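>>> Just a sequence and a predicted model for now, questions to come.
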Amino acid sequence: MTPRRSQAPLEILINWAQRVLRRKLFEWIPALGRALNAPRHASFAGDFADKRLEDQIEGLALAPDALDQAMAVLRPAMRNDGGDVSTYPAGQSRLRSLLFKIDHCSVAGHTMMVLDKSGAHVLTRNTGPVDWETAQPARLKPRPAPAGACYTLTCQGNFALFFTNDVLPLLYFLRKHGHEIGPLHIVTRPDFPPFVMQTLHAICAAHPGVEILELHKTERLENVSALWLSRTPDASDWAPVTREEADALADLLRAHHQIPAPGAAEGLLFVSRGDAKVGALVNEAEVLAELMDYGFDFLAPRAEDHKSTIEAFQSARIVVAAHGEALTNLLFCQPGTLVIELFASNQIKSDHCWLALRLGLRYRAVKGFQGDALKAFSVKVHEVMAQVAEELGPLEEDEEEADEP
């Protein structure tokens, strides 16, 4: 019997040939491409802009006193982070803010991609061929766009990307250019998770000119006046956020969920990876058992209950967590909170280190063993507990044992 592995090159070749043939077919017969909603190229949105509201570059940096804490993560993260990481040793990047209005666009419900009026170009920050894995052609039912501008989410339901790439930039531009934008419809899909819809309802409540527009996978929104925005650093893993912006987001969501303003941060929080298929902490139960001796609470964030997650993070004195998108909730921590992030030694990334130190939190990293193909890893429990003990002191029983002859 021929091993299955030997079939992989042939499968790769067939898939590649199908993509090339499909792309060429739509280039030869443009009408077919338009009928099947098949864009051919990714194009810089600014080239199609009818109105340019902002295009500026500014510096983005850690405070000098935070840089020492970050270096243990920034240098190894240069191998794993995206974008331009050459300025990591200086703890800084460039931030480009772009805000365009582009008329006569369409939005494809199955991909949530914004297309130019010809339907041949996906509007992005970059140029080049379309990634056919995320832009499959489909027959979509036309639907006229409402009056006013439309903003399409880029996150596809991803928690971290939703807050860093969608929510924070949107709030920044609404605060700065809201009077120029006018009525705005945020385009969503029915299958987006609850935390997305809860956050968008909170934004709509705070900004009366903003409404939610639900687009189905089978629909194509036509004649759209698209609000195309991006607020992205060259170091693409870093969130463009300040303490003031994080506080404004927290206040907005507290008002929506009717969460009281935080008191003193006294909570001890362990954030679980739950049933994550990638990046699991293999000896999580062992780590948790030791932390519970100190009185740590266990949290497994759930998409349908973001309120409880916000409450837990805003009251935390210490947060211990394996690297994962749940740490985006550091946006809701109070200044001074200690963050202890656990990494596989070969998967160190800087996004949460950056976020913590930008927001005035304290940060420490514990590097575990090398992760496997799915980034699953384990840590030395005593190294985690040493970081906790440095903050809280030894347990009373440990002190008693130390006094025994």
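Done, it's in. Numbers count the residues shown, from 1 in each chain.

>>> Okay, domains of the protein per the record?
With domains defined by automatic domain parsing, the chain comprises 39-240, 247-399.

>>> Distance to residue 20 for these - can I get that in TSV?
The way it works is simple: take the backbone N, C-alpha and C, and place the C-beta from them, glycine included. Output for those, formatted as TSV (distance: least, Cβ to Cβ, whole Å):
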stretch	distance to residue 20
domain 39-240	9
domain 247-399	29
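
>>> list the contacts for residue 307?
198, 257, 259 (Cβ atoms under 8 Å, 6 or more residues apart in numbering).

>>> I'd like to know the beta-bridge partner residues of the residue nearest to residue 152 when sequence neighbours are not counted.
Leaving aside its sequence neighbours, residue 152 sits nearest to residue 187 (Cβ to Cβ, 6 or more residues apart in numbering; 4.6 Å). Beta-bridge pairing of residue 187 under DSSP bridges involves residue 152, residue 213.

>>> Hmm, residue 187 is touching residue 106, no?
No: the pair residue 187 / residue 106 is not scored as a contact, 11.2 Å apart, by Cβ atoms under 8 Å.

>>> Looking at these two, which one has more neighbours?
residue 106 (24 against 21; other Cβ atoms under 10 Å).

>>> who's the more buried one bridged to?
Where residue 106 sits in a bridge, its partners, by DSSP bridges, are residue 115, residue 222.

>>> Tell me if I'm right that residue 267 and residue 298 touch.
No: counting by Cβ under 8 Å, residue 267 sits too far from residue 298 to count as a contact (11.7 Å).

>>> higher neighbour count, the two?
Just comparing residue 267 and residue 298: by other Cβ under 10 Å the higher neighbour count belongs to residue 267, 20 against 13.

>>> ok now do that one, which residues does it touch?
297, 312, 315, 316, 317, 318.

>>> Torsion angles phi and psi at it?
Residue 267 adopts backbone torsions of phi -70, psi 150, taken as degrees, to the nearest 10.

>>> Please report how far it lies from residue 361.
14 Å (Cβ to Cβ, to the nearest Å).

>>> Find residues that contact each of residue 187 and residue 106.
residue 221.

>>> Give me the contact list for the longest helix along the chain.
If you go by DSSP state H, the chain has its longest helix at helix 8-28. Identification of contacts with helix 8-28 by Cβ under 8 Å, 6+ apart yields 32, 33, 36, 38, 40, 129, 130, 132, 137.

>>> So which bits of that helix are buried?
22, 23, 26 (16 or more other Cβ atoms under 10 Å).

>>> Pick the one among these closest to residue 114.
Using Cβ to Cβ, residue 26 comes nearest to residue 114 of the buried residues of helix 8-28, at 18.3 Å.

>>> Could you pull up the mean pLDDT of the longest helix of the chain?
For helix 8-28, mean pLDDT is 75.

>>> Return a PyMOL selection command for the buried portion of the contacts of residue 307.
Listed next is the PyMOL selection for buried residues among these, using 16+ other Cβ under 10 Å:
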select buried, resi 198+259
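
>>> I'd like the contacts of residue 307 as CSV, with secondary structure appended.
Below are those laid out as CSV (DSSP: H, G, I helix; E, B strand; the rest coil):
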residue, secondary structure
198, helix
257, helix
259, coil
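
>>> and the contacts of residue 267, which of them are in strands?
Among the contacts of residue 267, the members found in strands (DSSP state E) are 297, 316, 317, 318.
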